[in-house]
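Visitor: this one's sequence-less:
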């Protein structure tokens, strides 16, 4: 029986290869729901008997089908997501909900089918890993057993995303309404008016949180239910599983403990500087050990580099001149070309023709697009895209482009992997490698290469200024991401519930970040919901890990480039050797355990904060000495 079914299955694959897949190479987004229904029906009718369940050949045929068919689902899903994120219309929402429902059904049925296969430890290692991923439904956030529950979850999810995407803050006296990006983000970055900052900070939270709260509560319950149906304690356990680390929670805590003293020294220094700057405006009724959350140059106080001018250690020691660089006939397109050259100089590939044709790099006119940077892989080996709104010629946009293009390099390099492996080694790797590229592109050596500075040799004061500039981007973010991770984990574990969402959010921010709300908050507010990743159900642990891992990878690529001198002044662009080892890491995707991928360049198998602390040691020592003086 199983031979006959396998034969008919192979015949079906042959038909798929010779007909629809040929049409689909460039037009998969045009495939209709009926086409995917046929794939799912074929999957449902595919029977694995007791003999097939123990056959390596049979298992390989099943996983080949899985990869081939899910590639088509993913292409359709990528198109639908891109269309929605560039034009947030009701039509595009419905299209994405439809393909998400199909995707959930495909992965759920495949999960059950793969569980019928008895994996033998003597089988091919790659096959065993693919089957393990299929059995755990790794390609989606969580598999829903009930199709109606998945539909309900998708509708509520899009409602939450829509509230966040459409939110605006309006000035009553002028009827002027500001979107989050770029207007409010720009205001928080540039304004030094205490009251204006408070207006924007409060306005954004009023426009998002209260409207999102009830929907968020429902989604927590639905997602936890689905997690339990899949054998997890709750959704927090499912998110952790992606890291393939049995000791993840203890590792996470120990990494933060390594950097906590550094954060506390930075916090003490910045708090003193802000008190001096705002003078009588600085609130006296708040805890003197905390910093008001709206004064740090960022809507969420997650990075503090936008207030560099207020806290710069040596104001008369400049380190770069981006202004003249961007005023010299620079356009968004040429900024992308500079980033492309960074990778080409290391022996990596240029962007594809389709990338330049289809990427969205400025805000679309007459569309409700989202400006939050994102990358898209359309799973056809050619079409890769970046979506971001390059609205101003700034070092922030310039470096962000390098980071997003790193992810495109990841897509391009693992394109020959089976679909199930076409993702980063663990959820942190694509961010970490992108951030390592930013460290290189930010280095004094690279700034000199771009003629942004006349020399890459810095005096002691310039070194401290440069490290402070980088530090304000990195160290506060580690504290913020740790806080957000802790809050969300406790929400899913029901240690925090809907009766105390906001209280516990601010308790954690005060205890970990030493950040305080500038005004009174209540449970009618939902301030965690002001964050894009909460509205979009995006796990945040990856960002904490990646911002530590980036320094480990950066140090390794610097060593491979034969860098001499302080680590913060390393630029590994133009190093073919570094490019070779980077390419080897990218090509593997998730086909190997992340520790094996990490070892390729670092010769280490564990994530460590040692490289981060080494990078910032001169500044850390300076902060200790400076704080003792005051």
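Guide: Ah, there it is. No experiment lies behind these values; they were computed from the predicted model shown.
Visitor: in the strand or helix carrying residue 337, what counts as buried?
Guide: Using DSSP states H and E, the element containing residue 337 is helix 332-344. Using 16 or more other C-beta atoms under 10 Å as the test for burial, helix 332-344 gives 332, 335-336, 338-340, 342-344. Placement of C-beta: from N, CA and C, glycine included.
Visitor: stretch 380-400 too?
Guide: Buried, per 16+ other C-beta under 10 Å, within stretch 380-400: 380, 383-391, 393-395, 397-400.
Visitor: for that stretch, measure first residue to last.
Guide: 25 Å (C-alpha to C-alpha, to the nearest Å).
Visitor: where do the helices of the stretch 151-300 of the chain begin and end?
Guide: Assigned helices in the stretch 151-300 of the chain, in chain order: 185-190, 194-229, 235-241, 248-278 (criterion: DSSP state H, counting those that start in this stretch).
Visitor: now for those helices, which one comes closest to residue 498?
Guide: helix 194-229 (4.8 Å; C-beta to C-beta).
Visitor: give the other helices and strands that the closest one contacts.
Guide: helix 147-166, strand 168-171, helix 185-190, helix 235-241, helix 460-492, helix 532-535 (3 or more C-beta pairs under 8 Å, 6 or more residues apart in numbering; DSSP states H and E).
Visitor: how about the longest one: buried residues?
Guide: Pointing back at helix 460-492 there. Buried, per 16+ other C-beta under 10 Å, within helix 460-492: 462-489, 491-492.
Visitor: go on, the second one?
Guide: Of all the residues in strand 168-171, those buried under the rule 16+ other C-beta under 10 Å are residue 169.
Visitor: for it, what is the average pLDDT?
Guide: Here strand 168-171 scores 90 as its mean pLDDT.
Visitor: what do you get for the third one?
Guide: Helix 185-190 shows a mean pLDDT of 93 in the predicted model.
Visitor: cool, and the longest one?
Guide: Confidence over helix 460-492 (mean pLDDT, whole number) is 94.
Visitor: following the chain past that helix, name the next helix or strand.
Guide: helix 501-508.
Visitor: what's in contact with that next one?
Guide: Helix 501-508 has contacts (C-beta atoms under 8 Å, 6 or more residues apart in numbering) with 213, 483, 486-487, 490-491, 496, 516-517, 521-523, 525-528.
Visitor: again, only using 10 Å
Guide: For helix 501-508, the surrounding residues in contact (C-beta atoms under 10 Å, 6 or more residues apart in numbering) are 205, 209, 213, 216-217, 220, 293, 482-487, 490-491, 495-497, 500, 515-517, 521-529.
Visitor: packing partners of the helix holding residue 337?
Guide: Counting contacts by 3 or more C-beta pairs under 10 Å, 6 or more residues apart in numbering; DSSP states H and E, helix 332-344 is packed against helix 322-327, helix 353-358, helix 395-413, helix 429-442, helix 576-588.
Visitor: if you set the cut-off to 7 Å instead, what comes out?
Guide: helix 395-413 (3 or more C-beta pairs under 7 Å, 6 or more residues apart in numbering; DSSP states H and E).
Visitor: ok, how many other residues are close to residue 576?
Guide: 12 (other C-beta atoms under 10 Å).
Visitor: wouldn't it be in contact with residue 348 here?
Guide: No: when contacts are counted by C-beta atoms under 7 Å, residue 576 is not listed as touching residue 348 (9.8 Å).
Visitor: which one of the buried residues of helix 332-344 is nearest residue 30?
Guide: residue 336 (28.1 Å).
Visitor: excluding its backbone neighbours, what's nearest that closest one?
Guide: Closest residue to residue 336 apart from its sequence neighbours, by C-beta to C-beta, 6 or more residues apart in numbering: residue 401 at 5.7 Å.
Visitor: and the pLDDT for that neighbour?
Guide: pLDDT, residue 401: 93.
Visitor: just how off-centre is the helix holding residue 337 within its chain?
Guide: Helix 332-344 sits 21 Å away from the centroid of its parent chain (C-alpha atoms, centre = their mean, to the nearest Å).
Visitor: can you start the count at 26 instead of 1 from here on
Guide: From this message on, residue numbering opens at 26, which makes the last subject helix 357-369.
Visitor: now the strands for the stretch 526-655 of the chain?
Guide: Secondary structure of the stretch 526-655 of the chain (DSSP state E, counting those that start in this stretch): strands at 540-541.
Visitor: could you list the low-pLDDT ranges of it?
Guide: Applying pLDDT under 70 to the stretch 526-655 of the chain flags no residue at all.
Visitor: how about the helices in it?
Guide: 526-533, 557-560, 566-585, 601-613, 619-627, 635-654.
Visitor: fine, thanks again, bye for now.
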